[in-house]
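Asks: Provide a 3D model corresponding to the input given below.
(2 chains)
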Amino acid sequence: MSGVIVHLPRESGGADGEPRADAVTLRLGPGEVARFGRGPASLPVELRLDDPAISRLAGEIRVTDDHWQLTNHSTAHSYLVENPEGAGEYLRVPPRRIGAPIPFEFSRVVLPTRGEATVSFQVFAPDHLYLDPDAMGVPWGNRTVTAYSLNETATYFLVLVALCEPRLRDQSRVAVPTTPRIVERLSGHLASGELTARAVSSHIDYLAEEKLRVGAPDSPEPGRSDRRNGKREEIVGLALRFGLVREEHLALLPPLARTGGQERQAAR
Amino acid sequence: MSAARTTGDDLTDVLPPGCRVGDWVVTRLIGSGGWSTVYAARPAGRGPGRSGSAASPPDRGDVALKIMPTAGLSPRQVRSIVESARREVELGRRAGHPRLIGFREWFVLASPERPFLEGAIVLVMERATGSLRDLIDAGVPETDRGRLIAGICEGLAHLHRSGWVHADLKPENVLLGRDGSVKLSDFGLATELTGTHGYAPPMGTMDYFPPERWKAPLGELGVPIRPTADIWALGVIIHEVFAPGVPLFAGATPMARGAAVQEYGEGRAALRVDPAVPPLWRALATDCLAPTHQARARHTAESLLARMTTAHRRTRVVGAGRRGGRARTAALATALCGVSVAALCSDTARTAPGAPPGLVRVYNAERGCREPVDLDLRCSLGLAVDPLLPYTAENVVPTRVWHGDVLTTDCQMHGGDPVVDEEDRQSTRWFRIRLPAGSGPSTAWLPAVRTREVPALPECR
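Replies: Sure thing, here's the model as predicted:
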């Protein structure tokens, strides 16, 4: 729970389809501001968007509470904020609007350009909080709550349930599923389209780094070779140990195919 | 919410008055939390009598039953409930103290006629009259405020000395005994320190989280928790008690206030203590609310308590106070004298150059142990049971002290067992130290080489 993450992917932006130099990731704490735009030297911006159609100072992001606000410095263009997991859910932030609150955990900010391609970057707000299932229907002001809460309708949660599935089903210490197996398990199940292996990996990273903040200080041996696998197992261990994923969540997954049993045996 | 979790029907899951649980009879519902429901109860052998109605104050034999249902839960959920109960039982058994709620017994309920209670874990605890939250809501009388905070601090000092962290300190968990005394309660998240950290389940109450908690990593054992987390919560409570209704961190939801706490922790916002908080308590709250763990670590519950009592003494001992006695401080401090620190108040007005009368500050000759770090057990020093016997592990009380702790001493003794410290200083002088009430022996002995302050003290008889 530490603010928002702004991510400008490598392939995005770039005039004439030229790839950008590098992906940019900014981490903003509560109260912090990041400006974005074409940004000349005299007016530095934290996030440079290299497109002639974009103003020198196009807008700014300000982290407030558990969400963020978008200010549109353009006098002519509206910006779109899309929720990639929201089945077409989006907000339009009109020109000169100050501090429009953005309610999505995942957002893609889309800026218009002259060409076909738009410029966009992503903003993640992992601090969104959810009521404990036990605590429904009672005032929660001063309650003791689970401090790590997950959106049970998000794709990352589905990935997490799929990761935990083998352990939840037969309680044995079988291996945590690999990325290709997760892709296969969730294929055809998402409204927003197919999950790629890369998407699954980034959901796992997001869970580990932003949602659970899986800490390594407990393991005295540094540099375990198979880092990625260690991370998966740790996520599964924590999610089950602290009840973040429970038996009832298995219902979120598509029903097991008839071949499921064979596959599981084959995997051992 | 046992109710919501088991059948979803609250009415069937609340035990009616008169219902028998083990050797106890429920008199009324006190409240319910995420894991448990708490009832007032009386011994089964006694008639409803005086304490039958909800309004009358509890009787001496009355108890509170904390019932943690396990029926209908997955094995993992049951395990975490058992874990929570285990923490309470362990702490109750091993760290009893007048400032902690008394723990009597625990049992597992067999209740065929009420399936939702089958297998429930029941903790039987001392019955309190209410919580600090009730008192804050009703308005804490000004004369009681200092006493209440000192009581909480005393309880914390004991917990921390015994190697525990409360991890969920808030006014709801500060109960009040029949005599108005403070009793810390709800040790479901309390954790025993292993080295500098303990680990608690990833739960808590957001308005009492220190800034570093918002970024704490989650490990196999849970979230790392250090005693400074309790100190932060104490700071929040001081502000709540002295400036009721004034938010310390602004925001409409706990998350928003948490964001404000993080802004403060990262130095982007200042701490705004309400001007209504009197100077002494403002200073204490500010220290408790130091933005980082490192800055907070030097303010232990023990040292804060010593400051509360010292400030009180200053205003009482004519001419000894450096800042002079402000009327308001004096009034609060007098109230403080009432219950929690009565022992100090009986001391005569005796002053000594360099050190406040009757107080010694612990000095650790090991340089590495003088940094304001966590209460590492390796850096702790022992207090002897008998100063005439060798100063060895067999001859020390369970209470440990650390560099910088301020202890209360009432007399000194020359000619005890000679003690040589790591810097080759040697002395046969010992100070008799008063231990907080309830910590086994009421006094113990500090070798004079363990302090650099030499107060003028009478010779012990």
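Asks: Strands of the stretch 51-200 of chain B, start to end?
Replies: Along the stretch 51-200 of chain B, the stretches classed as strands by DSSP state E, counting those that start in this stretch are B:63-68, B:103-108, B:121-126, B:130-131, B:164-165, B:174-176, B:182-184, B:191-192, B:198-200.
Asks: does any bit of the fourth one sit next to chain A?
Replies: The one in question is strand B:130-131. No - interface with chain A: strand B:130-131 contributes nothing (Cβ under 8 Å from any Cβ of the partner chain), its closest point being 10.6 Å away. The C-beta positions use only the backbone N, C-alpha and C, and glycine is treated the same way.
Asks: Give the other helices and strands that that strand contacts.
Replies: Applying 3 or more Cβ pairs under 8 Å, 6 or more residues apart in numbering or on different chains; DSSP states H and E, one finds that strand B:130-131 contacts strand B:174-176.
Asks: and the strands of the stretch 51-200 of chain B as a markdown table, adding mean neighbour count and mean pLDDT?
Replies: As requested, those are arranged in a markdown table below (neighbours: other Cβ atoms under 10 Å in any protein chain shown; pLDDT from 0 to 100):
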| stretch | mean neighbour count | mean pLDDT |
| --- | --- | --- |
| strand B:63-68 | 23 | 90 |
| strand B:103-108 | 16 | 86 |
| strand B:121-126 | 22 | 90 |
| strand B:130-131 | 18 | 91 |
| strand B:164-165 | 25 | 92 |
| strand B:174-176 | 24 | 94 |
| strand B:182-184 | 25 | 93 |
| strand B:191-192 | 20 | 87 |
| strand B:198-200 | 22 | 87 |
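Asks: Out of those strands, flag the one nearest residue A:185.
Replies: Ranking the strands of the stretch 51-200 of chain B by proximity to residue A:185 (Cβ to Cβ) places strand B:198-200 first, at 32.6 Å.
Asks: can you give me how far the closest one is from the chain middle?
Replies: Using Cα atoms, centre = their mean, to the nearest Å, the mean C-alpha position of strand B:198-200 is found 16 Å from that of the whole chain.
Asks: Let me see the contact set for residue B:302.
Replies: B:157, B:160, B:161, B:401, B:405, B:406 (Cβ atoms under 8 Å, 6 or more residues apart in numbering or on different chains).
Asks: how close does it sit to residue B:228?
Replies: Applying Cβ to Cβ, to the nearest Å, the value for residue B:302 to residue B:228 is 13 Å.
Asks: Closest to the centroid, which residue in chain B?
Replies: residue B:156 (2.4 Å; Cα atoms, centre = their mean).
Asks: my guess is it meets residue B:230, correct?
Replies: Yes - the pair residue B:156 / residue B:230 is scored as a contact, 5.4 Å apart, by Cβ atoms under 8 Å.
Asks: which stretches of the stretch 51-200 of chain A have low pLDDT?
Replies: Residue ranges of the stretch 51-200 of chain A with pLDDT under 70: A:133-144, A:147, A:171-173, A:192.
Asks: so where do the strands sit in it?
Replies: A:59-64, A:67-72, A:79-82, A:90-93, A:100-102, A:106-111, A:119-124, A:145-146.
Asks: in the stretch 201-350 of chain B, what spans have low per-residue confidence?
Replies: Residues of the stretch 201-350 of chain B that meet the cut-off, pLDDT under 70, sit at B:313-350.
Asks: And the residue of it closest to chain A?
Replies: residue B:217 (2.4 Å; Cβ to the nearest Cβ).
Asks: What's the end-to-end length of stretch B:406-423?
Replies: 21 Å (Cα to Cα, to the nearest Å).
Asks: Let me fix that, I meant to ask about stretch B:446-461.
Replies: End-to-end span of stretch B:446-461 (Cα to Cα): 16 Å.
Asks: what's near enough to touch the residue nearest to the residue nearest to the centre of chain B when sequence neighbours are not counted?
Replies: Among residues not flanking residue B:156 along the chain, residue B:301 sits closest, at 3.9 Å (Cβ to Cβ, 6 or more residues apart in numbering or on different chains). Contacts here follow Cβ under 8 Å, 6+ apart; on that basis residue B:301 touches B:153, B:154, B:156, B:157, B:159, B:160, B:227, B:230, B:231, B:234.
Asks: So which bits of the stretch 51-200 of chain B are right by chain A?
Replies: Counting by Cβ under 8 Å from any Cβ, the stretch 51-200 of chain B sits next to chain A at B:74, B:76, B:77, B:80, B:133, B:168, B:170, B:171, B:172, B:188, B:189.
Asks: go with 10 Å
Replies: B:73-77, B:79-80, B:133, B:167-168, B:170-173, B:186, B:188-189, B:197, B:199-200 (Cβ under 10 Å from any Cβ of the partner chain).
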